[in-house]
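1. When you get a sec, could you give me coordinates for this:
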Amino acid sequence: MRFTRLVLLGLMVSAVAATALAQEGFPLKGSWLGDWGPNGNTRNQAFIVLDWDGKSISGMINPGTDNIPLKNATLTPPPAAPPAAGGRNGAAAAAPASPAAPREWLVHFEADGKDRSGATVRYVIDGKIENVGLSNRAVVGTWMVGTTKNDFRIVRQ
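-> Model prediction:
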C-alpha cells in the first residue's frame, strides 16, 4: 500500500514537471535573433524582444542604443479546424470555411526608426511562425525598410 502511494506520487510529480516544461507560453513572447536583407550575401543582424500582456504585443527592435519600439504588432492564428465529419445524430457536418484558408500563424510588425542621416524610416515586417509549438520556433517573411523589400528569419532564443 505504501509502495503504491509512493509510485502514484512519483507519477503525479513527473506529470506536473513534464507539463510545466512543455508550456512555451504566448507564441511571440521572448527574445528573437536573426537577420534580414535583400540576398544571401547582404544581411543585417536583427534582435527583437517581444512581450505580451494578455491583450497586446509590445516590443523593441535592436534594443540598446539603436532601439526601435514597435508601434503596431499583431499575431493572427490560423482559423479553427473544421468540425469532424458526421454531425450530431448522423446529420452532415458543416462545410469547412475555405479550402484556401491559411493554416499558419501570421505576424505583422510596424515601427518607425531613423536612418544614418536621422530621417524617419518606416519598418513593416510580415511573416509566419514556423514550428509554433516548439521552443526553437522561427518567424520568416518580408522585412520592408522604407520601400525596399527584404527577406528575414528570426529564431526564438
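2. which one is the residue nearest in space to the middle of the chain nearest to, not counting chain neighbours?
-> Nearest residue to the geometric centre of the chain (CA atoms, centre = their mean): residue 28, 3.8 Å. Once flanking residues are discounted, residue 28 sits nearest to residue 50: 4.7 Å by CB to CB, 6 or more residues apart in numbering. All C-beta atoms are positioned from the backbone trio N, CA, C, and that covers glycine.
3. Could you measure from the one you found over to residue 125?
-> According to CB to CB, to the nearest Å, residue 50 and residue 125 sit 12 Å apart.
4. all strands in this protein, in order from the N-terminus.
-> Per DSSP state E, the chain carries strands over the ranges 30-37, 44-52, 57-61, 68-76, 105-114, 120-130, 138-145, 148-156.
5. Quick one: the ones you listed as JSON lines, columns for mean neighbour count and mean pLDDT too.
-> Putting the strands of the chain into JSON lines (neighbours: other CB atoms under 10 Å; pLDDT from 0 to 100) gives the following:
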{"stretch": "strand 30-37", "mean neighbour count": "18", "mean pLDDT": "97"}
{"stretch": "strand 44-52", "mean neighbour count": "18", "mean pLDDT": "96"}
{"stretch": "strand 57-61", "mean neighbour count": "18", "mean pLDDT": "97"}
{"stretch": "strand 68-76", "mean neighbour count": "15", "mean pLDDT": "96"}
{"stretch": "strand 105-114", "mean neighbour count": "17", "mean pLDDT": "96"}
{"stretch": "strand 120-130", "mean neighbour count": "17", "mean pLDDT": "97"}
{"stretch": "strand 138-145", "mean neighbour count": "19", "mean pLDDT": "97"}
{"stretch": "strand 148-156", "mean neighbour count": "17", "mean pLDDT": "97"}
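6. quick revisit: my guess is the residue nearest to residue 28 contacts residue 27. True?
-> No - Residue 50 is beyond contact range of residue 27, at 9.5 Å (criterion: CB atoms under 8 Å).
7. Restricting to C-alpha, output stretch 110-129 in PDB.
-> Provided in PDB are the C-alpha atoms of stretch 110-129 (Å, rounded to 0.1, in the frame of the first residue of the first chain):
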ATOM      1  CA  GLU A 110       5.300  48.200 -37.700                       C
ATOM      2  CA  ALA A 111       7.900  50.600 -36.400                       C
ATOM      3  CA  ASP A 112       9.500  53.900 -37.200                       C
ATOM      4  CA  GLY A 113      13.300  54.100 -37.000                       C
ATOM      5  CA  LYS A 114      15.900  56.500 -38.100                       C
ATOM      6  CA  ASP A 115      18.400  56.100 -41.000                       C
ATOM      7  CA  ARG A 116      22.100  57.300 -40.800                       C
ATOM      8  CA  SER A 117      21.100  60.900 -41.700                       C
ATOM      9  CA  GLY A 118      18.500  61.000 -38.900                       C
ATOM     10  CA  ALA A 119      15.500  60.800 -41.300                       C
ATOM     11  CA  THR A 120      12.500  58.700 -40.200                       C
ATOM     12  CA  VAL A 121      12.300  55.300 -41.900                       C
ATOM     13  CA  ARG A 122       9.200  53.000 -41.800                       C
ATOM     14  CA  TYR A 123       9.700  49.300 -41.000                       C
ATOM     15  CA  VAL A 124       6.900  46.900 -41.900                       C
ATOM     16  CA  ILE A 125       7.600  43.300 -41.100                       C
ATOM     17  CA  ASP A 126       5.200  40.400 -42.200                       C
ATOM     18  CA  GLY A 127       5.900  36.800 -41.600                       C
ATOM     19  CA  LYS A 128       4.700  33.400 -40.400                       C
ATOM     20  CA  ILE A 129       5.700  31.300 -37.500                       C
END
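8. That'll do, ta.
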